[in-house]
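# sequence below, structure please.
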Amino acid sequence: IFYETIGAVRRGKEIFEGWHKVNGDQIEDVEKYIYDYMSLHGHHNIELMIGSDSMLRSKEKGVHELRLLSVICFYKPGKGAHIIKRKDNTTFNYFVKTAQKLNAEVQKTYEFVRYLADLNLKPKVHLDLNPNQDFESFNVYSTIKGFFESLGYITEYKPDSCAAMAAAETLKAQNIGAFV
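Residues are numbered from 1 along each chain as shown. Next up is the predicted model:
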């Protein structure tokens, strides 16, 4: 696991814990919530998407916190989307490079994709990676693209990764420290 390989101090949380609606209301049972939402709104009419984004923040000298936000997006074409979110914080005693930050986003997205697969759901994977070689995330783009596609997932990247972009916009709009 990414967090173990780079020596991070991680707050333990199970994959199904810590989910909230965008308004901040806590979701007690995310599995039930997903099934209920899809049943109520017609699972044949919903595209399920998942994505993550993160920001690095300095806490004190030599200590940095990676704040990661993941979203599950229930998209109804022509009618909009409903989003639920979860945040994870990881503290490092050194500066985190872009490749490590992106690895954390991809790892977290993969954990959630696997969780949803265990529920017999196959979401589209939205990643905050840029296929344009002018951007730093391009360095890992083809490797990560190949990874998810080899597992049979439909993947979207910038600028088409609306779930990852929703996470990014939430991070920016709520200044990452303000959301539940």
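# tell me, what residue is most central in the protein?
residue 52 (2.2 Å; CA atoms, centre = their mean).
# tell me the secondary structure at it.
strand (DSSP: H, G, I helix; E, B strand; the rest coil).
# packing partners for the longest helix along the chain?
Counting by DSSP state H, the longest helix found in the chain is helix 98-118. Packing contacts for helix 98-118, counted by 3 or more CB pairs under 8 Å, 6 or more residues apart in numbering; DSSP states H and E, involve helix 2-5, strand 47-60, strand 63-76, strand 124-126, helix 138-150. (Glycine included, C-beta is placed from N, CA and C.)
# return the set of buried residues in that helix.
In terms of neighbour count (16 or more other CB atoms under 10 Å), helix 98-118 has its buried residues at 100-106, 108-113, 115-116.
# my read is that the residue nearest to the centre of the chain contacts residue 67, right?
No - using CB atoms under 8 Å, residue 52 is not in contact with residue 67; the gap is 11.0 Å.
# any idea how far residue 103 is from residue 27?
Distance of residue 103 to residue 27, given as CB to CB, to the nearest Å: 27 Å.
# one more: residue 51?
Following CB to CB, the distance that separates residue 51 from residue 27 is 18 Å.
# distance check, the residue nearest to the centre of the chain against residue 115.
Relative to residue 115, residue 52 is positioned 13 Å away (CB to CB).
# so who does the nearest residue in space to residue 158 that is not next to it in sequence touch?
In space, and not counting its chain neighbours, residue 158 is closest to residue 130: 4.5 Å by CB to CB, 6 or more residues apart in numbering. By CB atoms under 8 Å, 6 or more residues apart in numbering, residue 130 lies in contact with 137-138, 141, 157-158.
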